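> sequence first, predicted model second:
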Amino acid sequence: MKFNIRLGILIPVIMLVAACAQSGGVRRDSGAPGHPGYSADFGGVYHTVEKGQTLWRIAKSYGVELETLQWVNGIEDVTAIPVGRKLFIPGARRVLHVEPYHPGRVPAPSPGVIRIAWPLTASPSSGFGPRKGKNHQGIDLPAPIGTPVRAAADGKVVYSGHGMKGYGNVVVLKHAREISTVYAHNSVILVKMGDRVKKGQIIARVGKTGWATGPHLHFEVRLRGVPENPLAYLPRTS
């Protein structure tokens, strides 16, 4: 069962309830969610975060916008949701199972291949490999719209635009040793073709352009043009 609660709908309703509360019509806050203006009188459930569950996966499982969960629960950093935290899911009638992320076996990179840095701080919401009958050629990193996207290594911009089908606003960088990296679904691109960029330089900002159901960065690593598992090249996180 999906609960399609969108922030654009939720906020006006909350404002209405808050106004009623001030006039004594509705209890303003039953002490549930993190946002001081939210009333739990709308109904909902508490979901306890388990290992491997990201905010993006929880939002998708319940059919709630990621920004809605972030706002209702007063979350500043969507990439740092501790295990055991109770999240209020507005509109949900029962607790649902949320499939945790399993990165699986990560092959070692080929000898002599450069290592790269994370383009932003986030736990992957979708990994490399088969997905819904197709081959997912990178990893998805959920983050709020506008989050800086950084170059994974020194390189040259070989593509900047929205001409790659499904990728939305996309940047492609070429690096040493025949490695290239792809950054898709951006809201804004900050570099142009031919630019030289440094590792860590902000090259774009997170969006949901192209074939994206929510704001995230689709990140690919290619060796001689062939997609490889980015986790094999990225430093491990705790």
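Great, that's in hand. Numbers count the residues shown, from 1 in each chain.

> which helix or strand contains residue 94?
Assignment of secondary structure by DSSP states H and E places residue 94 within no helix or strand.

> separation between it and residue 66?
20 Å (Cβ to Cβ, to the nearest Å). Heads up, the C-betas are built off the backbone N, CA and C, glycines and all.

> before we move on, what about residue 45?
From residue 45 to residue 66 the distance is 17 Å (Cβ to Cβ).

> more neighbours, the two?
residue 66 (26 against 17; other Cβ atoms under 10 Å).

> let me see the confidence value for the closest residue to the more buried one other than its chain neighbours.
Excluding the flanking residues, the one nearest residue 66 by Cβ to Cβ, 6 or more residues apart in numbering is residue 59, at 4.4 Å. If you check residue 59, the pLDDT there is 83.

> report the contact partners of residue 59.
Going by Cβ atoms under 8 Å, 6 or more residues apart in numbering, residue 59 touches 65, 66, 68, 69, 214.

> surely residue 176 touches residue 156?
No - using Cβ atoms under 8 Å as the test, residue 176 is too far from residue 156 to be in contact (10.2 Å).

> neighbour count: those two, which is higher?
Using other Cβ under 10 Å as the criterion, residue 176 and residue 156 rank with residue 156 on top: 15 against 10.

> could you measure from the spatially most central residue of the chain over to residue 163?
Residue closest to the mean C-alpha point of the chain, counted by Cα atoms, centre = their mean, is residue 142 at 0.7 Å. From residue 142 across to residue 163, the span is 25 Å (Cβ to Cβ).

> still on that earlier bit, secondary structure element for the residue nearest to residue 66?
Using DSSP H and E, residue 59 sits within helix 55-62.

> show me how far that helix is from its chain's centre.
Relative to its parent chain, helix 55-62 has a centroid offset of 10 Å by Cα atoms, centre = their mean, to the nearest Å.

> show me the shaky parts of this structure.
Along the chain, the model assigns pLDDT under 70 to residues 1-42, 67, 76-80, 101-113, 238.

> can you name the next helix or strand after the lengthiest strand in it?
Of all the segments assigned as strand in the chain under DSSP state E, the longest by residue count is strand 179-189. Downstream of strand 179-189, the first helix or strand assigned by DSSP H and E is strand 196-197.

> who are the packing partners of that following strand?
Identification of packing neighbours for strand 196-197 by 3 or more Cβ pairs under 8 Å, 6 or more residues apart in numbering; DSSP states H and E yields strand 155-161.

> go with 6 Å
Packing partners of strand 196-197 (3 or more Cβ pairs under 6 Å, 6 or more residues apart in numbering; DSSP states H and E): none among the helices and strands.

> so what strands line up beside it?
Here strand 196-197 is paired, per DSSP bridges, with strand 155-161 (antiparallel).

> now do the strand it pairs with: distance to the chain's middle.
Centre-to-centre, strand 155-161 and its host chain are 23 Å apart (Cα atoms, centre = their mean).

> residues of it that come out buried?
If you call a residue buried by 16 or more other Cβ atoms under 10 Å, then strand 155-161 has these buried ones: 155, 157, 160.

> sheet partners, orientation included, of the next helix-or-strand element following that strand?
Next helix or strand after strand 155-161 toward the C-terminus (DSSP H and E): strand 169-174. Within its sheet, strand 169-174 is paired with strand 155-161 (antiparallel), strand 179-189 (antiparallel), according to DSSP bridges.
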